[in-house]
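Colleague: Following is a predicted model, sequence given first.
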Amino acid sequence: DGTSVQVDAICNQTMSLLKAGKVGEAYDASLGKSPLVSPTERSSLVGQMETAMKIFGSASAYELVKEHRIGTLAVRRIYFLQHEKMVSRWEIDLVKTTGGWTVSYYGYDIKSQDWDADD
């Protein structure tokens, strides 16, 4: 459906940029379009992500692990990003506004003990 095409485009662009090591561009392609995030927050979050990516090593692949639709106006996607030294888990939440789909939350974690594909 149209939802999947639009959500796929946003998420695939974001994850492809992360895989390429372009953290700032990945952020701008996703949450960077949100009116909820200030330039100061962007700078801080991108800096944290860049530091983590340096520690984990370059990424070689990503995988969509789960998609959860919440009604017709919200979608949550969980991805794994494979690095040289780690696997990180990325969550991208999108909401449908009158102007189309936009990212409302974007973040990562590495606490694999908290990952449960069934939740």
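Modeller: Perfect, I can see it now.

Colleague: which one is Ala74 nearest to, not counting chain neighbours?
Modeller: Val95 (5.2 Å; C-beta to C-beta, 6 or more residues apart in numbering). To be clear about C-beta, it is placed using only N, CA and C from the backbone, and glycine gets the same treatment.

Colleague: For the one you found, give its distance to Asp109.
Modeller: 21 Å (C-beta to C-beta, to the nearest Å).

Colleague: dump the residue contacts of Ile92.
Modeller: Neighbour list for Ile92: Ile10, Cys11, Thr14, Ser30, Arg76, Arg77, Tyr79, Val103, Tyr105, Tyr106 [criterion: C-beta atoms under 8 Å, 6 or more residues apart in numbering].

Colleague: cool, Pro39 as well?
Modeller: Neighbouring residues of Pro39 by C-beta under 8 Å, 6+ apart: there are none.

Colleague: Measure how far the helix or strand hosting Asp28 is from the centre of its chain, please.
Modeller: Using DSSP states H and E, Asp28 sits within helix 23-29. Distance of helix 23-29 from the chain centroid (C-alpha atoms, centre = their mean, to the nearest Å) equals 10 Å.

Colleague: before we move on, what about stretch 61-72?
Modeller: That offset, for stretch 61-72, works out to 11 Å (C-alpha atoms, centre = their mean).

Colleague: in it, what's buried?
Modeller: Tyr62 (16 or more other C-beta atoms under 10 Å).

Colleague: what about it, average pLDDT?
Modeller: Taken as a whole, stretch 61-72 has an average pLDDT of 94.

Colleague: Equivalent analysis for stretch 76-90, please.
Modeller: 93.

Colleague: Quick check: Glu63 touching Tyr79?
Modeller: Yes: the pair Glu63 / Tyr79 is scored as a contact, 6.4 Å apart, by C-beta atoms under 8 Å.

Colleague: pLDDT-wise, which helix or strand of the chain ranks last?
Modeller: The helix or strand of the chain with the poorest confidence is helix 39-56; it has a mean of 84 (mean pLDDT, DSSP states H and E).

Colleague: Centre of the chain to it, how far?
Modeller: 13 Å.
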